[in-house]
Every structure is written in structure tokens, then in C-alpha cells.
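*Asks:* A structural model of the following input is requested.
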Amino acid sequence: MIHVLPSRLSDERFTERFVTLVREELDRTQQLIDNLLAYGKNIELRNEEWTAVTALMLPAANRYHLTVIPDPSVNGEILGDQFYLDLFFQNVFRNSREAGADEVRVAFRVDQLAPETAADFTCEDNGVGYPETADLDELMSPFVTSRSRGSGLGLYLAKKIITAHDGTLSLYRKEKGAGVKVTLPGKRVSTRE
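*Replies:* Sure thing, here's the model as predicted:
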């Protein structure tokens with residue numbers, strides 16, 4: 001396609017499509033570089049701060065053109081490293097987009113009887129879901145993917161990031177779509193009244 005560009009610069013449809021493809025490939029390449037850099041080292045949380053859940057997830061949702069449908073409960077904050085939490089949402093939402101999703105439902109639940117123990121955070125998309133034959137735990141291993149263009153690092157790094165934040169990550173199937181559940185300790189979550 002790049003070889004044809006000089007002769008088709010005046011073709012608006014061609015150049016628009018070309019620019020779109022270049023942006024998509026640059027985003028994909030940047031994501032792969034970020035993932036490879038995080039894969040090869042231990043995650044050290046350096047710049048931890050309290051950030052609203054919606055502020056953490058909306059940039060990644062916008063980047064992958066996903067509509068986020070927040071449960072009314074998504075009114076909390078997470079204490080964590082912004083760089084890594086952003087990378088977490090990028091990996092989860094990119095997987096959703098590549099699975100054909102256009103929306104993600106998000107819920108954030110804190111046990112009101114014991115808020116100091118844990119909070120659950122879920123993201124459920126409306127894509128094709130995880131393959132029926134796939135072992136969901138295995139999908140979180142490095143270099144395991146069900147996609148022809150996948151690197152197999154996205155879910156692995158998502159789990160690694162949540163583990164560094166003292167939490168756990170699990171995957172689950174839905175009738176239509178896929179789910180990701182994060183459980184964080186109470187010391188890392190705060191709800192706003």
C-alpha cells in the first residue's frame with residue numbers, strides 16, 4: 001500500500017484509509033513495545049496516587065472506540081501507579097475491541113459490611129467472548145493467544161499489574177462477551193458518598 005501512495009495522493013478515499021491504517025498500526029506497535037518493556041521487568045509501583053475509576057478507564061476506552069456503560073456503583077477511587085493502571089485498561093479494552101466489542105459494562109463493588117477487606121471491579125464486553133476451548137487461566141500466561149495477530153502479552157500483563165497492586169485477576173465467560181474481574185484489597189479502594 002505504501003508503494004502506491006505517491007501515485008494516489010489525490011484520491012481522498014485512499015489517503016483517508018491509508019492514514020487510518022497507519023494510525024492503527026502505530027497504536028498496535030506502541031502497545032506491543034509497552035507490553036514488551038513491562039514483560040521483561042518486575043513491576044515497581046513508584047507514583048501511587050488516588051485516582052477516580054472513571055478517570056483511569058475512559059482514556060483507554062476512547063482510544064479503542066469503546067462505549068463504557070458504568071454501573072451507578074462506579075463512584076470510587078483506586079490507589080495505584082497511573083502508568084501501570086493505564087496499561088492495564090489499554091490491554092483489557094484492546095482485547096475487547098479486537099473481539100468485536102463496541103461497549104464495556106463496568107461495575108465497582110465494595111463490601112459495605114467489611115469495606116476494609118476487598119473490592120471487586122468488573123469489565124464485561126459485548127464481543128465474541130473467550131473461545132469455548134480456551135482454558136481461561138492459560139490465557140493469562142505469556143505468549144498464549146487465540147488471535148492470529150495477538151502477541152499473547154495483554155492478559156498476562158493485566159494480571160501482572162493487578163498482582164503488583166496486591167490484587168487478583170480472573171476471567172469469566174458470559175452468554176455474549178467476556179468478563180474480567182479484579183479484586184483489590186480495601187486499602188487500595190475508596191468509595192465516594
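*Asks:* so Gly10 belongs to a helix, correct?
*Replies:* Check again: residue 10 is Ser, not Gly. No: secondary structure of Ser10 (DSSP: H, G, I helix; E, B strand; the rest coil): coil, not part of a helix.
*Asks:* tell me, how many residues neighbour it?
*Replies:* 7 (other CB atoms under 10 Å). C-betas here are computed from N, CA, C, even on glycine.
*Asks:* now do Ile78
*Replies:* 24.
*Asks:* what is whichever strand or helix holds it packed up against?
*Replies:* According to DSSP states H and E, Ile78 maps onto strand 76-81. Packing partners of strand 76-81 (3 or more CB pairs under 8 Å, 6 or more residues apart in numbering; DSSP states H and E): strand 48-52, helix 53-63, strand 189-191.
*Asks:* ranges for the helices of this protein?
*Replies:* Under the criterion DSSP state H, the chain contains helices at 12-39, 53-63, 82-98, 154-164.
*Asks:* turn the ones you listed into a markdown table, columns for distance to Pro72, mean pLDDT and mean neighbour count.
*Replies:* Formatted as a markdown table, these follow (distance: least, CB to CB, whole Å; pLDDT from 0 to 100; neighbours: other CB atoms under 10 Å):
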| stretch | distance to Pro72 | mean pLDDT | mean neighbour count |
| --- | --- | --- | --- |
| helix 12-39 | 31 | 69 | 13 |
| helix 53-63 | 12 | 89 | 18 |
| helix 82-98 | 20 | 90 | 22 |
| helix 154-164 | 24 | 91 | 22 |
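*Asks:* can I get those in TSV with distance to Ser190?
*Replies:* As requested, the helices of the chain are arranged in TSV below (distance: least, CB to CB, whole Å):
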stretch	distance to Ser190
helix 12-39	26
helix 53-63	10
helix 82-98	14
helix 154-164	17
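*Asks:* coming back round to it: looking at the helices and strands packed on strand 76-81, which is closest to Thr168?
*Replies:* Nearest to Thr168 among the helices and strands packed on strand 76-81 is strand 189-191 (13.6 Å), distances taken as CB to CB.
*Asks:* what sits closest to Val180 if chain neighbours are left out?
*Replies:* Distance criterion CB to CB, 6 or more residues apart in numbering; nearest residue to Val180, sequence neighbours excluded, is Cys123 at 4.8 Å.
*Asks:* now do the contacts for the spatially most central residue of the chain.
*Replies:* Taking CA atoms, centre = their mean, the centroid of the chain lies closest to Val92, which sits 2.1 Å from it. Val92 is in contact with 60, 123, 154-155, 158, 180, counting by CB atoms under 8 Å, 6 or more residues apart in numbering.
*Asks:* fine by me, we can end here.
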